[in-house]
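Colleague: sequence unknown, structure follows:
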């Protein structure tokens, strides 16, 4: 269980019941900005298409699309050092590529970064790279000491508050995991 008492690593039907109404991407982007997040980089994913569209259409968001997740983490590290509060959007299939940057850069030096990780393959129905990483994602985040919780459409504002509080309490990487259907 995560600090919020939510079961992790289980499909929605086992871990917390069916998903509630989806969060609009523009609302999520506004919620991030309201909490001081002011730099965005990542690799696009259809599960958060609404969020990416909102960030790309907002010139103040400064969203930087990257081709690799570890590159997005690199620019997020620079943003943190420049006094920004970064968010990196990535698919869980790219988490493996990112583990070294998370452990030996962000965690080691206390560089804050909110990861918005899409949970592709959670239910076992996706491309092979997604189903393998869907099963392993939580264990991988735990193994490198990245606190995480599943973004809940019914309490997404509290989840963002948790993320902001974590970065103040203990700078370093942390993750909000996004299930299919959570963000519209």
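Modeller: Nice, I can see it. Keep in mind it's a predicted model, so treat the numbers as computed, not measured.
Colleague: CA atoms for contacts and neighbours, from now on please.
Modeller: OK.
Colleague: all helices for this protein, in order.
Modeller: Remark: helices assigned in the chain by DSSP state H are 12-15, 25-34, 49-57, 69-81, 95-101, 108-109, 128-143, 156-169.
Colleague: give me whichever of these is most buried.
Modeller: helix 69-81 (a mean of 21; mean count of other Cα atoms under 10 Å).
Colleague: most centrally placed residue in the protein?
Modeller: Central residue of the chain (Cα atoms, centre = their mean): residue 116, 1.3 Å from the mean position.
Colleague: now the helices of the chain as a markdown table including distance to residue 182 and mean pLDDT?
Modeller: Output for the helices of the chain, formatted as a markdown table (distance: least, Cα to Cα, whole Å; pLDDT from 0 to 100):
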| stretch | distance to residue 182 | mean pLDDT |
| --- | --- | --- |
| helix 12-15 | 11 | 34 |
| helix 25-34 | 10 | 97 |
| helix 49-57 | 10 | 96 |
| helix 69-81 | 21 | 97 |
| helix 95-101 | 19 | 91 |
| helix 108-109 | 31 | 95 |
| helix 128-143 | 16 | 90 |
| helix 156-169 | 10 | 96 |
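Colleague: how about the residue nearest to the centre of the chain: which residues does it bridge to?
Modeller: The partner list for residue 116 in beta bridges (DSSP bridges) reads residue 89, residue 176.
Colleague: need the contact list for it.
Modeller: 87-90, 175-178 (Cα atoms under 8 Å, 6 or more residues apart in numbering).
Colleague: nearest to residue 30 among the residues you listed?
Modeller: Nearest to residue 30, judged by Cα to Cα, of those is residue 87 at 13.0 Å.
Colleague: show me what contacts that closest one?
Modeller: Neighbours of residue 87 in contact, by Cα under 8 Å, 6+ apart: 37-41, 76, 113-116.
Colleague: format the helices of the chain as a markdown table; extra columns: distance to residue 149.
Modeller: As requested, these are exported to a markdown table (distance: least, Cα to Cα, whole Å):
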| stretch | distance to residue 149 |
| --- | --- |
| helix 12-15 | 12 |
| helix 25-34 | 16 |
| helix 49-57 | 18 |
| helix 69-81 | 19 |
| helix 95-101 | 15 |
| helix 108-109 | 21 |
| helix 128-143 | 9 |
| helix 156-169 | 8 |
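Colleague: and the spatially closest residue to residue 120 that is not a sequence neighbour, how close does it get to residue 58?
Modeller: Counting by Cα to Cα, 6 or more residues apart in numbering, residue 120 lies nearest to residue 130, which is 5.3 Å off, once chain neighbours are set aside. Distance from residue 130 to residue 58, counting by Cα to Cα, to the nearest Å: 30 Å.
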